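> Let me see the structure of the following:
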Amino acid sequence: MARYTGPTTKIARKFGEPIFGADKLLEKRNYPPGQHGLASKRKKQKDYGIQLKEKQKVKYMYGVLERQFHNTYDKASRMAGQKGENLVLLLESRLDNIVYRLGIAPSRAAARQLVNHHHITLNGSVCSIPSAQVKPGDVVAVRERSKSLEVITASVASAAKYSWLEFDPKALSGKFLNMPVRAEIPENINEQLIVDLYSK
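Now for the predicted structure:
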């Protein structure tokens with residue numbers, strides 16, 4: 001399956017929460033999309049359906065396809081600690097997600113595009129791989145010739161701050177200080193459901 005490029009509100013309505021950020025349309029239409037969205041006469045979901053839905057939600061949230069997601073889970077399962085937490089931390093330390101968290105881009109999709117188009121540097125070198133893993137101590141910055149881009153300047157002005165990141169808005173450069181604690185990550189994810197799904 002190719003990467004989804006359609007309306008984000010449609011996906012957010014499917015999961016019943018703003019997984020791509022604040023969404024005014026979702027507030028008005030807080031029911032599933034389609035002609036039967038309001039009917040809600042479907043049978044109660046089974047455990048497998050709930051687990052699968054949670055995995056799909058996280059995939060859409062971070063913009064990751066099935067094979068990439070499965071490989072990330074395999075890597076998380078080989079690490080010390082809890083599989084679910086390791087999975088979330090690996091997704092959080094992707095370069096495109098760090099660019100989004102620093103406030104350089106307004107969304108993860110926009111961050112992915114900036115990385116693909118060679119606007120972002122990792123430790124001083126241009127990196128065009130959105131899935132590149134950023135390690136504590138690494139410096140992520142906007143390339144010198146790209147600092148005047150309107151999408152970047154507008155996004156930085158309204159950026160949120162996170163304890164595991166340090167950002168200099170003048171230099172448009174940020175540092176990944178340390179791996180965040182799971183409780184610090186604001187996304188509504190029940191990673192245990194994903195672990196249960198892959199454990200079958």
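> Which helix in the chain has the most residues?
Longest helix in the chain by number of residues (criterion: DSSP state H): helix 47-62.
> Which strands and helices lie in contact with that one?
On a contact count with 3 or more C-beta pairs under 8 Å, 6 or more residues apart in numbering; DSSP states H and E, helix 47-62 meets helix 8-15, helix 66-78, helix 191-198. (Each C-beta comes from the backbone N, C-alpha and C, glycine too.)
> Make CSV from those and add mean pLDDT, distance to residue 115 and mean neighbour count to it.
Formatted as CSV, the helices and strands packed on helix 47-62 follow (pLDDT from 0 to 100; distance: least, C-beta to C-beta, whole Å; neighbours: other C-beta atoms under 10 Å):
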stretch, mean pLDDT, distance to residue 115, mean neighbour count
helix 8-15, 77, 19, 18
helix 66-78, 96, 15, 15
helix 191-198, 95, 25, 18
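> Nearest to residue 114, out of the ones you listed?
Closest to residue 114 of these is helix 8-15 (C-beta to C-beta; 17.5 Å).
> pull the CA atoms of that closest one into PDB?
The C-alpha coordinates for helix 8-15 follow below in PDB (Å, rounded to 0.1, in the frame of the first residue of the first chain):
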ATOM      1  CA  THR A   8      -6.200  14.000   7.200                       C
ATOM      2  CA  THR A   9      -9.500  14.800   8.800                       C
ATOM      3  CA  LYS A  10     -11.100  11.700   7.200                       C
ATOM      4  CA  ILE A  11      -8.500   9.500   9.000                       C
ATOM      5  CA  ALA A  12      -8.800  11.500  12.200                       C
ATOM      6  CA  ARG A  13     -12.600  10.900  12.100                       C
ATOM      7  CA  LYS A  14     -12.000   7.200  11.600                       C
ATOM      8  CA  PHE A  15     -10.100   6.900  14.900                       C
END
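> Let me know the angle separating it from helix 47-62.
Our comparison of helix 8-15 with helix 47-62, counting by axes from the mean of the first three to the mean of the last three C-alpha atoms, to 10 degrees, yields an angle of 160 degrees.
> rewinding a little: among the helices and strands packed on helix 47-62, single out whichever gets nearest to residue 50.
Closest of these to residue 50 is helix 191-198, at 6.4 Å (criterion: C-beta to C-beta).
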